[in-house]
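Engineer: build me a model from this:
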Amino acid sequence: MTGGLVLAGAPNRGRLREVSDAPFEALIPLGGRPLVEYVVEALAGCPQLERVVVVGPAALGYLAARPRVQVVEGTGDLVDNLARGLREFPPDEPVVVATGDIPLITPEVVEGFLADCQALGQYDFYYSVIPREAIVSRYPQAKRSWIGLRDLTVTGGNLFMLNPGAALAILPLLKRVTDLRKSPLGLASMLGPVLVLKYLLGRLTLAEAERRVQSYFHISGRAVVSRRPEVGIDVDKPADLELVTAILASRA
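Structural biologist: Next comes the predicted model:
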């Protein structure tokens with residue numbers, strides 16, 4: 001079986017503070033309820049996920065009243081919260097991990113991501129990337145950070161699938177990656193000068209980046225090229241909140 005993990009412990013200290021004084025980003029109101037509820041509903045609604053663990057502030061404790069949902073109090077550190085969540089699962093059973101700021105995902109999007117992972121074969125780590133055209137064609141007003149590769153231009157997604165045992169063994173390296181998650185050049189620098197040069201020259205391919213990541217982390221993994229733009233639209237600034245508010249209103 002597969003479990004689900006929602007990371008909802010990010011303090012509201014960034015640009016979203018301009019539009020909400022909620023102490024945590026997960027608690028920022030969206031359509032009359034906390035932002036993270038949309039993510040929890042998407043994972044809990046996916047029949048392949050046996051249970052869902054939410055790591056976040058104590059104020060989210062009420063979510064534990066929902067079937068198959070467990071709440072673990074977190075800290076303000078993303079990797080610490082990841083570790084707390086992963087330890088709630090057996091070390092050898094895969095866990096789908098979502099950040100708590102992607103309210104456009106649905107159970108169908110999570111199911112599609114799982115199917116994409118399974119189609120690639122068995123690995124310890126799956127990381128979603130979304131081609132630029134998939135987002136621009138559906139949500140042209142979305143502003144994302146793009147990674148220009150030779151074979152495609154992508155943005156990082158916010159759905160992952162991890163083997164808990166393998167991920168817990170490389171927590172210090174994962175912390176470096178999360179610190180650089182939105183800096184394409186910073187990520188490339190971490191992986192070596194040759195990769196940086198190829199990236200700057202626009203000659204780096206997705207397959208080359210995958211091989212270098214596997215070598216650096218000593219872990220098997222694949223990038224999941226997802227055509228589901230909702231995976232790549234997170235809420236970390238007021239314009240993002242305005243965008244997802246309008247999209248969700250149009251779905252009602």
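
Engineer: low-confidence stretches in the stretch 51-200 of the chain?
Structural biologist: 181-185, 187-189 (pLDDT under 70).

Engineer: residue ranges of the helices in it, please?
Structural biologist: Taking DSSP state H, counting those that start in this stretch as the test, the helices found in the stretch 51-200 of the chain are 78-86, 107-120, 132-138, 164-168, 171-179, 184-190, 193-200.

Engineer: what ranges does this protein have for its strands?
Structural biologist: Secondary structure of the chain (DSSP state E): strands located at 2-7, 29-30, 33-34, 49-56, 69-73, 95-99, 125-131, 147-148, 153-162, 221-225.

Engineer: who are the contact partners of residue 33?
Structural biologist: If a contact means CB atoms under 8 Å, 6 or more residues apart in numbering, then residue 33 has no contacts. Where you see a C-beta, it was placed from the backbone N, CA and C, and this is true even at glycine.

Engineer: gap between it and residue 167?
Structural biologist: Going from residue 33 to residue 167 by CB to CB, to the nearest Å gives 30 Å.

Engineer: just residue 230 next, same as before
Structural biologist: With the distance defined as CB to CB, residue 230 ends up 24 Å from residue 167.

Engineer: enumerate every residue touching residue 6.
Structural biologist: Applying CB under 8 Å, 6+ apart, the residues near residue 6 are 36, 39, 40, 43, 52, 53, 54, 55, 56, 98, 99, 100.

Engineer: switch the cut-off to 7 Å
Structural biologist: Contact partners of residue 6, counting by CB atoms under 7 Å, 6 or more residues apart in numbering, are 36, 39, 40, 43, 52, 54, 98, 100.

Engineer: surely the fifth one touches residue 45?
Structural biologist: Right, the one you point to is residue 52. No: using CB atoms under 7 Å, residue 52 is not in contact with residue 45; the gap is 9.6 Å.

Engineer: higher neighbour count, the two?
Structural biologist: residue 52 (28 against 14; other CB atoms under 10 Å).

Engineer: still on that earlier bit, residue 230 and residue 167: who's more crowded?
Structural biologist: Shown here are residue 230 and residue 167; by other CB under 10 Å, residue 230 has more neighbours (26 against 23).

Engineer: any idea how far residue 97 is from the more buried one?
Structural biologist: Distance, residue 230 to residue 97, by CB to CB: 16 Å.

Engineer: sorry, back to before: which stretch among the helices of the stretch 51-200 of the chain comes nearest residue 243?
Structural biologist: Among the helices of the stretch 51-200 of the chain, the nearest to residue 243 by CB to CB is helix 132-138 (11.3 Å).

Engineer: could I get that closest one in PDB with only the CA atoms?
Structural biologist: Only the C-alpha atoms of helix 132-138 are listed here, as PDB (Å, rounded to 0.1, in the frame of the first residue of the first chain):
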ATOM      1  CA  ARG A 132       6.200  25.000 -19.600                       C
ATOM      2  CA  GLU A 133       3.600  24.500 -22.400                       C
ATOM      3  CA  ALA A 134       1.500  22.400 -20.000                       C
ATOM      4  CA  ILE A 135       1.100  25.300 -17.600                       C
ATOM      5  CA  VAL A 136       1.000  28.100 -20.100                       C
ATOM      6  CA  SER A 137      -1.700  26.500 -22.300                       C
ATOM      7  CA  ARG A 138      -4.000  25.900 -19.300                       C
END
